[in-house]
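K.L.:
I would like to see how this sequence folds:
(chains A and B)
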There are 2 protein chains.
Amino acid sequence: MERHFDQELEDLKKDLLKMGSQAEEAIFASVEALKALDSQGAKNVINRDKLIDEMENQLDEKCLDLLALRQPLAMDLRFITTVMKINTDIERIADLAVDIAQRVLELEGKPLLKPLIDIPKLTSLAQRMTKEALDAFVNKDVDLAGSVIMLDKQADQLRNLIQEELARDYMEKDPASISRAVPLLLAARHLERICDHATNIAEDVIYMLKAKVVKHHPERLKEE
Amino acid sequence: MERHFDQELEDLKKDLLKMGSQAEEAIFASVEALKALDSQGAKNVINRDKLIDEMENQLDEKCLDLLALRQPLAMDLRFITTVMKINTDIERIADLAVDIAQRVLELEGKPLLKPLIDIPKLTSLAQRMTKEALDAFVNKDVDLAGSVIMLDKQADQLRNLIQEELARDYMEKDPASISRAVPLLLAARHLERICDHATNIAEDVIYMLKAKVVKHHPERLKEE
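P.N.:
Numbers count the residues shown, from 1 in each chain, chains lettered A, B, ... in the order given. Okay, the predicted model is just below:
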């Protein structure tokens, strides 16, 4: 029985990683579609989101079943409730990839305003933070989770840079560019929100490992 | 002992409602600050957010303690895990009020672009949806939760209206208005995201009451 329960917890971890890689793929595909203004690629991201929603629901059910049937305590309890929280964050990361894909559809038929440089940078950061937050969970790596939280400032800065450049060099100089600039500005914000969700995941990992709330108190990490 | 447990569940509900009214107040205060371009009001919203973060952490701890100590089953288990989910959504609603307050600070020293009409409308909708989603939870009212979900389309439409008007009538006509229009455009998006979180809460309430996943399947609501 104990052995079986261990296996069930291991399965949750696998499901979560599968969700995570689907979300990472969605981020990648949505930004590829943005770079190429590929409407079909954007529609694929939107259609595949149903699958991720379905996975979220199933994983949530599995967690509730385990809570009810196994009545776990201490670390196992925290592990399962953490899976539930991370599950929500991953589903919302995938939703944000859908938001980016919708920006691509808004740009349909309009030439790309500029070659994208900082948006792909922010995309790499978002993918990295998402991946590392999940790695931190799987490997119970509190240091890695801490470093993900520290990266969030970079994401904010990059988003501000993108927004300021679009306003200063495009929208203010040529009002005709506004309808092409606003979707890019929003895409940058969607990416930065993905980084926020990765940060939430990292905070939940630390909370699980330390049974101590770092959330909203990043300075507590440094105390040690 | 049973009696005591009922009381503990009742306390969770009260804590959640307290969080909810703090979040509603933050929405209200942030938009009042936006309408009046009141930087001090905006700073108050930002400062008070720490309190809501603290409340979120404490409520989460209480839920985990109850899961561990009471080993609840069936409806009680779902109730507690639903409180945990709603707790996260309320905290993020409050964060979005902080986002709006930050837009006010960005507008410091600049005259307001236009009298705000649709943004207050969207604000009322966001407050209504948040309040009704929580009422649906407290009163176990599946119909009210369903009607909250149905309101989300209105929020999307209102946000699109605001965005199109700002682009067409201001940004495209007068590039000098862009730095005053973008914060308003973003504020509308923050408000619409608050409506998304209220929708999440309503979905979780239905899920708890029906033990059936409506999430991502609003059409299932209509089947009955």
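K.L.:
for A:Leu186, what are its contacts?
P.N.:
Contact analysis of A:Leu186 by C-beta atoms under 8 Å, 6 or more residues apart in numbering or on different chains lists A:99, A:103, B:189. Every residue, glycine included, has its C-beta placed from N, CA and C.
K.L.:
ok, now A:Ala42?
P.N.:
Applying C-beta under 8 Å, 6+ apart to A:Ala42 gives the contacts A:30, A:33-34, A:101-102, A:104-105.
K.L.:
at 6 Å what do you get?
P.N.:
When the contact criterion is C-beta atoms under 6 Å, 6 or more residues apart in numbering or on different chains, the partners of A:Ala42 are A:33, A:101, A:104-105.
K.L.:
Name the nearest of those residues relative to chain B.
P.N.:
If you rank the contacts of A:Ala42 by distance to chain B using C-beta to the nearest C-beta, A:Leu105 comes first, at 13.3 Å.
K.L.:
residues contacting that closest one?
P.N.:
With C-beta under 6 Å, 6+ apart, A:Leu105 has these contacts: A:39, A:42.
K.L.:
SS state for it?
P.N.:
Put simply, A:Leu105 is helix when judged by DSSP: H, G, I helix; E, B strand; the rest coil.
K.L.:
So what's the predicted local confidence for it?
P.N.:
The model reports A:Leu105 with a pLDDT of 97.
K.L.:
excluding its backbone neighbours, what's nearest A:Leu209?
P.N.:
Counting by C-beta to C-beta, 6 or more residues apart in numbering or on different chains, A:Val142 is the residue found nearest to A:Leu209 once chain neighbours are left out, at 5.0 Å.
K.L.:
A:Glu192 too?
P.N.:
Spatial nearest neighbour of A:Glu192, excluding adjacent residues (C-beta to C-beta, 6+ apart): A:Arg159 at 4.0 Å.
K.L.:
before we move on, back to that, with neighbour count and distance to B:Leu9 as added columns, please give the contacts of A:Leu186 in TSV.
P.N.:
Below are those laid out as TSV (neighbours: other C-beta atoms under 10 Å in any protein chain shown; distance: C-beta to C-beta, whole Å):
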residue	neighbour count	distance to B:Leu9
A:Asp99	19	36
A:Arg103	21	43
B:Arg189	20	36
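K.L.:
Mind putting these into CSV with distance to B:Leu66?
P.N.:
Formatted as CSV, the contacts of A:Leu186 follow (distance: C-beta to C-beta, whole Å):
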residue, distance to B:Leu66
A:Asp99, 36
A:Arg103, 42
B:Arg189, 36
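K.L.:
And those residues, which is closest to A:Ala198?
P.N.:
Nearest to A:Ala198, judged by C-beta to C-beta, of the contacts of A:Leu186 is A:Asp99 at 15.8 Å.
K.L.:
give me the element the closest one is part of.
P.N.:
Taking DSSP states H and E as the criterion, the element that holds A:Asp99 is helix A:74-106.
K.L.:
mean confidence for whichever helix or strand comes after that helix?
P.N.:
From helix A:74-106 onward toward the C-terminus, using DSSP H and E, the following helix or strand is helix A:118-138. The predicted model assigns helix A:118-138 a mean pLDDT of 96.
K.L.:
Quick check: what element follows helix A:118-138 along the chain?
P.N.:
For helix A:118-138, the following helix or strand on the C-terminal side (DSSP H and E) is helix A:142-165.
K.L.:
Distance from that following helix to the middle of the chain?
P.N.:
The chain centre lies 13 Å from the centre of helix A:142-165; the measure is C-alpha atoms, centre = their mean, to the nearest Å.
K.L.:
measure A:Gln58 to A:Asp11 for me?
P.N.:
Between A:Gln58 and A:Asp11 the distance, using C-beta to C-beta, to the nearest Å, works out to 11 Å.
K.L.:
quick one: buried residues of the helix holding A:Asp99?
P.N.:
Neighbour-count burial for helix A:74-106, counted by 16 or more other C-beta atoms under 10 Å in any protein chain shown, picks out A:76-104.
K.L.:
just stretch A:62-74 next, same as before
P.N.:
Under the neighbour-count rule (16+ other C-beta under 10 Å), stretch A:62-74 has A:62-64, A:66-67, A:70-72 buried.
K.L.:
pLDDT weak spots in chain A?
P.N.:
Per-residue confidence for chain A (pLDDT under 70) gives these ranges: A:1-3, A:212-224.
K.L.:
Chain B contacts on that one?
P.N.:
Proximity of chain A to chain B is confined to A:53, A:57, A:67-68, A:71, A:73, A:77, A:167, A:171-172, A:175, A:178, A:213, A:216 under the rule C-beta under 6 Å from any C-beta of the partner chain.
K.L.:
now, which of those residues lie within helices?
P.N.:
Judged by DSSP state H, the subset of those located in helices is A:53, A:57, A:67-68, A:77, A:178.
K.L.:
Can you tell me which of those residues is nearest chain B?
P.N.:
Nearest to chain B, judged by C-beta to the nearest C-beta, of those is A:Asp53 at 3.8 Å.
K.L.:
measure that closest one to A:Arg103 for me?
P.N.:
Summarising the geometry, the distance separating A:Asp53 from A:Arg103, computed by C-beta to C-beta, is 20 Å.
K.L.:
tell me the contacts of A:Ile86?
P.N.:
If you count contacts by C-beta under 6 Å, 6+ apart, A:Ile86 has them with A:16, A:201.
K.L.:
just A:Ala181 next, same as before
P.N.:
A:Ala181 makes contact with A:113, A:166, A:170-171 under the criterion C-beta under 6 Å, 6+ apart.
K.L.:
Also A:Ala26?
P.N.:
When contacts are counted by C-beta under 6 Å, 6+ apart, A:Ala26 touches A:45, A:94, A:97.
K.L.:
For the first one, which non-adjacent residue is closest in space?
P.N.:
Nearest in space to A:Val45, with sequence neighbours left out and distances taken as C-beta to C-beta, 6+ apart, is A:Ala101 at 4.1 Å.
K.L.:
Mind naming the longest helix for chain A?
P.N.:
Longest helix of chain A, by residue count under DSSP H: helix A:2-36.
K.L.:
quick one: it to helix A:74-106, angle?
P.N.:
In this structure, helix A:2-36 runs at an angle of 20 degrees to helix A:74-106, with axes from the mean of the first three to the mean of the last three C-alpha atoms, to 10 degrees as the basis.
K.L.:
my guess is A:Glu132 contacts A:Val148, does it?
P.N.:
Yes. With contact defined as C-beta atoms under 6 Å, A:Glu132 and A:Val148 form a contacting pair (5.1 Å).
K.L.:
List phi and psi for A:Lys140.
P.N.:
phi 50, psi 50 (degrees, to the nearest 10).
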